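Visitor: Return a 3D structure for these sequence lines:
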Amino acid sequence: MTKPRAVRGAVVGGRCHALRMTILTSDQVPGGAAVLNPFVIVDGASDLIEFVVEVFGGAEKTDVRTPTPDGKLIHAEVDLGGVSLMIADRLDGWAARPALLQLWVNDVQAALDAGARRGATTVTPATPFYGETTLGRMLDPFGNLWWLYAPAPGQQDPLPAWEGGSDVVFRTIDETTLGRMLDPFGNLWWLYAPAPGQQDPLPAWEGGSDVVFRTIDETMRAFAG
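Guide: Numbers count the residues shown, from 1 in each chain. This next block holds a predicted model:
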């Protein structure tokens, strides 16, 4: 094996920064694994493995599945396009640690539909995005938020929201991640702040926004799963 190569002189914002870490190149990683692999800790690791396998066609590396004597998984891996999604059950005293995960797929809508059949909630519908891509997002029953991208050759970039285009890409993620907070112990916090002089919103049943009701409904359904 060749000597690990230190990556120096990374350019960020036009300035050169010396990195203090030594990162292996992909050909130096034992077993041909990826250099960076996400690790999630959830309640129901076996069920998450099944979700990833059935929705995305991932392949579990069964030889590394490591259960504890009580049957919980302390380590498991699912291969997704050469990257290992590492999964473990939350043990006593641990906090759950779901993730935000970007994944390239062949068909965003098909992936969203497959996820919905397994209890996921669509956050962002399949939407034209920049760079000839289609974007969609979904929240799985374990708290992971998936960014799904698919190539869309020849598709024009959308008009930015600030120029009159759709705000769906920004609005849907804001509605999912802002305003209410789900802590690592499963408590859902309603966050309020005074807003002197602010008018009451128009009720949803009178044509106003349904964001207050829709977002809590989506969250409760997703975590009931």
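
Visitor: Quick one: the helices in this structure, in order.
Guide: 45-56, 108-117, 168-177, 211-224 (DSSP state H).

Visitor: any chance of these in TSV, plus mean neighbour count and distance to Ala96?
Guide: Backbone N, C-alpha and C define where each C-beta goes, glycine included. Formatted as TSV, the helices of the chain follow (neighbours: other Cβ atoms under 10 Å; distance: least, Cβ to Cβ, whole Å):
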stretch	mean neighbour count	distance to Ala96
helix 45-56	20	11
helix 108-117	18	19
helix 168-177	16	16
helix 211-224	14	11
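
Visitor: Compare the ones you listed and give me the one nearest Met86.
Guide: helix 45-56 (10.0 Å; Cβ to Cβ).

Visitor: and the angle from the closest one to helix 108-117?
Guide: 150 degrees (axes from the mean of the first three to the mean of the last three Cα atoms, to 10 degrees).

Visitor: for stretch 84-102, the distance to its chain's centre please.
Guide: For stretch 84-102, the separation from the chain centroid amounts to 12 Å (computed by Cα atoms, centre = their mean, to the nearest Å).

Visitor: start to end distance for it?
Guide: By Cα to Cα, to the nearest Å, the extent of stretch 84-102 from end to end equals 13 Å.

Visitor: cool, stretch 132-147 as well?
Guide: Span of stretch 132-147 from end to end, Cα to Cα: 16 Å.

Visitor: Identify each buried residue in it, please.
Guide: 133-147 (16 or more other Cβ atoms under 10 Å).

Visitor: which residues in this protein form strands?
Guide: 10-12, 15-17, 39-42, 59-60, 66-67, 73-80, 83-89, 100-104, 121-129, 133-139, 145-151, 180-182, 188-190 (DSSP state E).

Visitor: of those strands, which approaches Ala161 most closely?
Guide: Across those, Ala161 has its closest neighbour in strand 121-129 (11.6 Å, Cβ to Cβ).

Visitor: coming back round to it: could I get the helices of the chain as a markdown table with distance to Arg65?
Guide: Below are the helices of the chain laid out as a markdown table (distance: least, Cβ to Cβ, whole Å):
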| stretch | distance to Arg65 |
| --- | --- |
| helix 45-56 | 8 |
| helix 108-117 | 23 |
| helix 168-177 | 31 |
| helix 211-224 | 25 |
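
Visitor: Turn these into a markdown table, including mean pLDDT.
Guide: Output for these, formatted as a markdown table (pLDDT from 0 to 100):
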| stretch | mean pLDDT |
| --- | --- |
| helix 45-56 | 98 |
| helix 108-117 | 97 |
| helix 168-177 | 81 |
| helix 211-224 | 66 |
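
Visitor: quick one: which of those helices is nearest Pro67?
Guide: It's helix 45-56; of the helices of the chain, that one is closest to Pro67 (Cβ to Cβ) at 9.1 Å.

Visitor: who does the closest one touch, helix- and strand-wise?
Guide: Other elements packing on helix 45-56 under the criterion 3 or more Cβ pairs under 8 Å, 6 or more residues apart in numbering; DSSP states H and E are strand 59-60, strand 73-80, strand 83-89, helix 108-117.
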